[in-house]
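K.L.:
Provided below are the primary sequence and the corresponding predicted coordinates.
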Amino acid sequence: MGTRTVHRRRIDADERRARLAVRHRLAGSARAATVEEVADSLVALHATDPASVFLAVGARLRSGDSGAGAPGAGRPGAGAPGTGAPGAGDVDPVRGLERALYEDRTLTRMHGMRHTIFVFPTALVPAVHASTTRDVAIRERASLLRHLAAGSAYDAAWLEETERLLLAELAVRGEATGAELGAAIPRLRAQYLYGVGTRQEGLQPLSSRLLRVLGMEGRIARGRPQGAWTSSRFRWTVTPPHPDPSDADAHAELVRRWLAAAGPATEADLKWWTGWKVTDVRKALAAIGAEAVELAEGIGHVLPEDNEPVPAPEPWAALLPALDPTAMGWQYRDWYTDPAHKAALYDRSGNIGPTVWWNGRIIGAWAQRPDGQIVWRLLPGAAGSAAGAGVGVEAGVGAGEEAAIEAAIEAEAARLAAWVGDIRVTPRFRTPLERELAGGGPA
């Protein structure tokens, strides 16, 4: 019996960048009209740094031409920071996200993959909870009960009554901070001895730990922050009940949604993004009938209806924030990030900072200075300055093309400055190049 040859379609880096441009709403013609469209397209918005959610959405919303000439953006000397609102036809990312998160509840901020806070489309919450968060929540509750038993006189019945009082108070108030709940419910001011008999032994407050567990269980959610949209001090609110799908259905649904946004991707990419065991990844891929394709780094997967070539859109530029879903979307990133630039763009824990994109490649970084000015710098090898090696802009870029690239980046910087206005954004996870630019280094 002869050996059967398996022929798989090869998807190269150019096509992957074309898919990214359209599906992640980055090309001008692919930008979204609403924040819900952005969230649906990206599946999950990294929300450990609250500002990243707003900046990621703002980069992908349609806007008019009014921002192109806004002051306060670009290279040093570009002028005072802009304070104007978006022009006619713009969708304000702040108003849109606050509506979707806190009024319409079409988006939900919750624990998701890799023990990390994300903003998800609310319709996807059951799949995320069942596939990813539920098991973690069970472990977190068991851990809390063990710590209470070891370091206090409080037991499971006492904790259950405390939860009942907390949820009842939230139902009456609509939303409240942890401090407000503690003032209303004396039990929440209780403490327990953490790490009994260890070097970490010390008193810990119950309230923050209990709020975290209830949030992971999906019984409460983070509501409006105290202060501006950059704040991480959230109020809490009761969440309505949601469906409880089976593990298999939830895994399949989340992988289906993610592949639609990020395919092709390898098993390693999926395992990293979801935080699941590789066996769970493989079962989910089989359940949705994913098709194998050839990638530069090995075997990738696409949805069965998504195996046709995708043409490149028009040229585009983007300024994406720290922890952006596109920049952090895959474990293997050499097809859009030059490995030589990683030391400048990432912190020591692997968190990426603010980045400048051109046609699906990271070619620079940006930052906001204390006076509000948006500044940016191209990395070596970008825009033809060093022959366009690696994933930098292609070799042979002439002076006119380089000027066009820089003009497109400048327009995005101005668009960002126009809607951010007086708000100051400092990434929670600082990276070398962002620090340098924000501190006055040359752009």
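P.N.:
It's in.
K.L.:
Could you count how many residues lie near the nearest residue to L206 once chain neighbours are set aside?
P.N.:
Excluding its sequence neighbours, the residue lying closest to L206 (Cβ to Cβ, 6 or more residues apart in numbering) is A190, at 4.6 Å. Backbone N, C-alpha and C define where each C-beta goes, glycine included. With neighbours defined by other Cβ atoms under 10 Å, the count for A190 comes to 19.
K.L.:
What of A286?
P.N.:
A286 has 10 neighbouring residues, counting by other Cβ under 10 Å.
K.L.:
how close does it get to P432?
P.N.:
From A286 across to P432, the span is 42 Å (Cβ to Cβ, to the nearest Å).
K.L.:
returning to what we had before: I figured the residue nearest to L206 hits L159, correct?
P.N.:
No: A190 is beyond contact range of L159, at 9.8 Å (criterion: Cβ atoms under 8 Å).
K.L.:
Would you map the helices across the stretch 201-350 of the chain?
P.N.:
For the stretch 201-350 of the chain, helices defined by DSSP state H, counting those that start in this stretch occupy the ranges 206-216, 247-262, 267-274, 278-287, 342-345.
K.L.:
Please apply the same query to the stretch 1-150 of the chain.
P.N.:
Secondary structure of the stretch 1-150 of the chain (DSSP H, counting those that start in this stretch): helices at 13-23, 35-42, 50-58, 93-98, 125-128, 134-151.
K.L.:
Averaging pLDDT per element, find the lowest-scoring helix or strand in this protein.
P.N.:
helix 399-420 (a mean of 92; mean pLDDT, DSSP states H and E).
K.L.:
Alpha carbons of that helix, in PDB - could you do that?
P.N.:
In PDB, the C-alpha atoms belonging to helix 399-420 read as follows (Å, rounded to 0.1, in the frame of the first residue of the first chain):
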ATOM      1  CA  ALA A 399      11.400  58.800   0.200                       C
ATOM      2  CA  GLY A 400       7.900  59.400  -1.000                       C
ATOM      3  CA  GLU A 401       6.600  56.100   0.300                       C
ATOM      4  CA  GLU A 402       8.300  56.700   3.600                       C
ATOM      5  CA  ALA A 403       6.700  60.100   3.900                       C
ATOM      6  CA  ALA A 404       3.300  58.600   3.200                       C
ATOM      7  CA  ILE A 405       3.800  56.000   5.900                       C
ATOM      8  CA  GLU A 406       4.800  58.700   8.400                       C
ATOM      9  CA  ALA A 407       1.900  60.900   7.400                       C
ATOM     10  CA  ALA A 408      -0.500  58.000   8.000                       C
ATOM     11  CA  ILE A 409       1.000  57.400  11.400                       C
ATOM     12  CA  GLU A 410       0.800  61.100  12.200                       C
ATOM     13  CA  ALA A 411      -2.900  61.100  11.300                       C
ATOM     14  CA  GLU A 412      -3.500  58.200  13.700                       C
ATOM     15  CA  ALA A 413      -1.600  60.000  16.400                       C
ATOM     16  CA  ALA A 414      -3.800  63.100  15.900                       C
ATOM     17  CA  ARG A 415      -7.000  61.000  15.900                       C
ATOM     18  CA  LEU A 416      -6.000  59.500  19.200                       C
ATOM     19  CA  ALA A 417      -5.000  62.800  20.800                       C
ATOM     20  CA  ALA A 418      -8.400  64.300  19.700                       C
ATOM     21  CA  TRP A 419     -10.600  61.900  21.600                       C
ATOM     22  CA  VAL A 420      -8.200  61.300  24.600                       C
END
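K.L.:
packing partners for that helix?
P.N.:
Under the contact criterion of 3 or more Cβ pairs under 8 Å, 6 or more residues apart in numbering; DSSP states H and E, helix 399-420 touches helix 50-58, strand 317-320, strand 355-358, strand 361-368, strand 374-378.
K.L.:
next structured bit after it?
P.N.:
Per DSSP states H and E, helix 399-420 leads on to helix 432-438 as the next helix or strand towards the C-terminus.
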